[in-house]
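Chemist: below: sequence and its predicted model.
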Amino acid sequence: FLREQLGPGDRMAVFTTSSTQSLEFTSDRDALSKAIALIAPHPRQSATGLTSCPRMTGYDAYLITVLHDQGALLAKNEEAKACSGPLQDSSVREQIALNACGLKCTFGMPPTAGSGGVPVDVPVETIAEANWELARGVSSDTLAAVGDVVGYTARQPGQRIVVLASSGFFSETLDNEKDRIIREALRDGVVINALDAKGLYLDEIEPPLSEQSVMGTLPLAAFIFDEASQFPMRAAQADAMASFAEATGGLYFKDNNDLTVGFQRLGLAPEAGYDLSFTPTPLVRDGKLHTLKYELVPGISGATIEARRGYFAPLPGPTADEIERDLYEAMRGTAVRSALPVEAKVGAGPGGLAVRVHFGVSQANEKLALVAGLFDASGQYLTGERGDVVLALKDASLKKLRRSGLAPVFQLRAAAGKYRLRVVVEDETSGAVAEISQTVQVQ
């Protein structure tokens, strides 16, 4: 992709979720090639579990610890009984012992390893808890890294694409973190494409040769459980990547070993882009996902559509905390939205700028929150003002303001120079937001 697809004016950056390798946006192909060549896999214990016997993946631990799945617990108990050797790593034994000690030890004496492969008196549930804490921590760190990259990409000019290449990770119980990343990507116009780095493969149910001396023969209950859980586990691992792509209008490349084609498809910006908007009538304020259908006009062939698969309807009304969060997130962004009839006019003010924010009035009772702020060339916030408008109008006043609107003025003090003006207006009743972003000059 770097050699054949990166065009003039395109810039590319390289980041890893482990933070061991990164390169900020550049068009230097040599620097990019070196950064890519230095990327190396870093196996994490959560993929295979803390113990070699019983084997405990992050998904197994999730089933036992979070969902209290009795079938999973039975299978792992049978597997633990079949263990024929000690734990392979003393540090692993100590980690499980410490987790178990918090629940089982009464005299400060951690349990010791026995011939069954797991520490004495350490139940499978405790091993699952230790594994789940590890798996959840890894997933949380991964999501945080993805969120940082999306935020960094959002501050770049032009079309912005993040290609997330991963073998997958669990996002169960982390929906808030995942939704926050999607919300910020949508707000800032960042498309997330996902590439399943595993490609197309078959799972091995039997333990690898290196573990068979510890495991012995895999019990029937464990074999049946492992075979039945393969597809649900794959789906759980892929959920976050699929959600990122579908929600932001990106593509998800999976079940294909030609990863070169995958990068070519996912890294290219669309030849044409359109901003489509409409107002659902009637608007059902249920907070649910409403799917959308897109079709090419007859006569167009060989084209692929990249678009969001739907929209989330607003809830009955935003809370005060949600309003403050929306204002803060919108001020940090660069996207332009026109969900409300708002425009900003800039003139000279005392020691800076006078920003007149004009908005239309359509209802007798309205409550609006307004913020205007200045950012420097590096994206750092410099100064700003917040205002609130509460209307309770009689018919005559409403009729007049429907014609003229309202236009409060914000005074922003700043030294001479070029800045980015950001204006955000939110209707506190409906949650609708208007965002304005423009370059201004202070003389």
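Modeler: Ah, there it is.

Chemist: surely L296 and I305 touch.
Modeler: Yes. Using Cβ atoms under 8 Å, L296 is in contact with I305, at 6.9 Å. Where C-beta positions appear, they are placed from N, C-alpha and C, glycine not excepted.

Chemist: a helix runs through A348, doesn't it?
Modeler: No. Under DSSP: H, G, I helix; E, B strand; the rest coil, A348 falls outside any helix and is assigned strand.

Chemist: residues contacting it?
Modeler: Taking Cβ atoms under 8 Å, 6 or more residues apart in numbering, we find A348 in contact with A354, Q443.

Chemist: that one pairs with what?
Modeler: Beta-bridge partners recorded for A348 (DSSP bridges): L353.

Chemist: shaky segments in this structure?
Modeler: 43-51, 84-122, 202-216, 314-318 (pLDDT under 70).

Chemist: could you check the longest helix along it and say which residues are buried?
Modeler: Longest helix of the chain, by residue count under DSSP state H: helix 124-154. Buried residues in helix 124-154, defined by neighbour count with 16 or more other Cβ atoms under 10 Å: 124-136, 138-139, 142-143, 146-147, 149-154.

Chemist: pull the distance from the next helix or strand after that helix to the chain's centre.
Modeler: Counting by DSSP states H and E, the element after helix 124-154 in chain order, helix or strand, is strand 160-166. Remark: strand 160-166 is offset 11 Å from the chain centroid, using Cα atoms, centre = their mean, to the nearest Å.

Chemist: got it, and stretch 302-314?
Modeler: The chain centre lies 17 Å from the centre of stretch 302-314; the measure is Cα atoms, centre = their mean.

Chemist: do a quick rundown of the strands in the stretch 301-443 of the chain.
Modeler: Remark: strands assigned in the stretch 301-443 of the chain by DSSP state E, counting those that start in this stretch are 310-312, 337-338, 342-349, 352-359, 365-375, 381-392, 409-413, 417-427, 433-442.

Chemist: for the fourth one, list every residue counted as buried.
Modeler: Okay, so that is strand 352-359. G352, L353, V355, V357, F359.

Chemist: quick one on the thing from earlier: same for the longest helix of the chain, what does it pack against?
Modeler: Other elements packing on helix 124-154 under the criterion 3 or more Cβ pairs under 8 Å, 6 or more residues apart in numbering; DSSP states H and E are strand 12-15, helix 45-48, helix 58-65, helix 70-81, helix 90-104, strand 160-166, helix 175-188, strand 190-196.

Chemist: re the thing from before, okay, the strands of the stretch 301-443 of the chain in JSON lines with distance to F231 next?
Modeler: Listed next are the strands of the stretch 301-443 of the chain as JSON lines, based on distance: least, Cβ to Cβ, whole Å:
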{"stretch": "strand 310-312", "distance to F231": "25"}
{"stretch": "strand 337-338", "distance to F231": "40"}
{"stretch": "strand 342-349", "distance to F231": "49"}
{"stretch": "strand 352-359", "distance to F231": "52"}
{"stretch": "strand 365-375", "distance to F231": "47"}
{"stretch": "strand 381-392", "distance to F231": "47"}
{"stretch": "strand 409-413", "distance to F231": "56"}
{"stretch": "strand 417-427", "distance to F231": "43"}
{"stretch": "strand 433-442", "distance to F231": "40"}
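
Chemist: export the helices and strands packed on helix 124-154 to TSV and append columns for distance to E246 and mean neighbour count.
Modeler: What follows is the helices and strands packed on helix 124-154, written out as TSV (distance: least, Cβ to Cβ, whole Å; neighbours: other Cβ atoms under 10 Å):
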stretch	distance to E246	mean neighbour count
strand 12-15	22	19
helix 45-48	25	17
helix 58-65	22	25
helix 70-81	28	19
helix 90-104	36	17
strand 160-166	13	19
helix 175-188	9	18
strand 190-196	9	26
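
Chemist: and these: which comes nearest A240?
Modeler: helix 175-188 (5.6 Å; Cβ to Cβ).

Chemist: only C-alpha atoms, please: export the closest one in CSV.
Modeler: Extracted C-alpha coordinates of helix 175-188, given in CSV (Å, rounded to 0.1, in the frame of the first residue of the first chain):
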residue,chain,number,x,y,z
ASP,A,175,-19.3,-0.8,25.8
ASN,A,176,-19.0,2.8,27.2
GLU,A,177,-15.4,3.1,26.1
LYS,A,178,-16.2,1.6,22.7
ASP,A,179,-19.2,3.9,22.2
ARG,A,180,-17.2,6.9,23.2
ILE,A,181,-14.7,6.2,20.5
ILE,A,182,-17.4,5.8,17.9
ARG,A,183,-19.1,9.0,19.0
GLU,A,184,-15.9,11.0,18.7
ALA,A,185,-15.1,9.5,15.3
LEU,A,186,-18.5,10.4,14.0
ARG,A,187,-18.3,13.9,15.4
ASP,A,188,-14.9,14.5,13.8
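
Chemist: tilt between that helix and strand 433-442?
Modeler: Orientation of helix 175-188 against strand 433-442 (axes from the mean of the first three to the mean of the last three Cα atoms, to 10 degrees) gives an angle of 50 degrees.

Chemist: next up, the contacts around L289.
Modeler: So L289 contacts G310, Y311, F312 (Cβ under 8 Å, 6+ apart).

Chemist: residue contacts, the last one?
Modeler: This means F312. G287, K288, L289, H290.

Chemist: which one of the buried residues of strand 352-359 is nearest K367?
Modeler: Distances from K367 to the buried residues of strand 352-359, taken by Cβ to Cβ, are shortest for F359, at 12.6 Å.

Chemist: what's across from that closest one in the sheet?
Modeler: Applying DSSP bridges to F359, the residues it is bridged with are V342, L406.

Chemist: distance check, it against S338.
Modeler: 11 Å (Cβ to Cβ, to the nearest Å).

Chemist: okay, and the common contacts of these two?
Modeler: With Cβ under 8 Å, 6+ apart as the test, F359 and S338 both reach A434.

Chemist: from the buried residues of strand 352-359, which two are the most distant?
Modeler: Farthest apart among those by Cβ to Cβ are G352 and F359. That separation is 22.0 Å.

Chemist: that older thread, which of the helices and strands packed on helix 124-154 sits closest to G417?
Modeler: Per Cβ to Cβ, nearest to G417 of those: helix 175-188, 24.2 Å.

Chemist: before we move on, back to that, including secondary structure, could the contacts of F312 go into TSV?
Modeler: Formatted as TSV, the contacts of F312 follow (three-state DSSP):
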residue	secondary structure
G287	coil
K288	coil
L289	strand
H290	strand
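
Chemist: cheers, nothing more for now.
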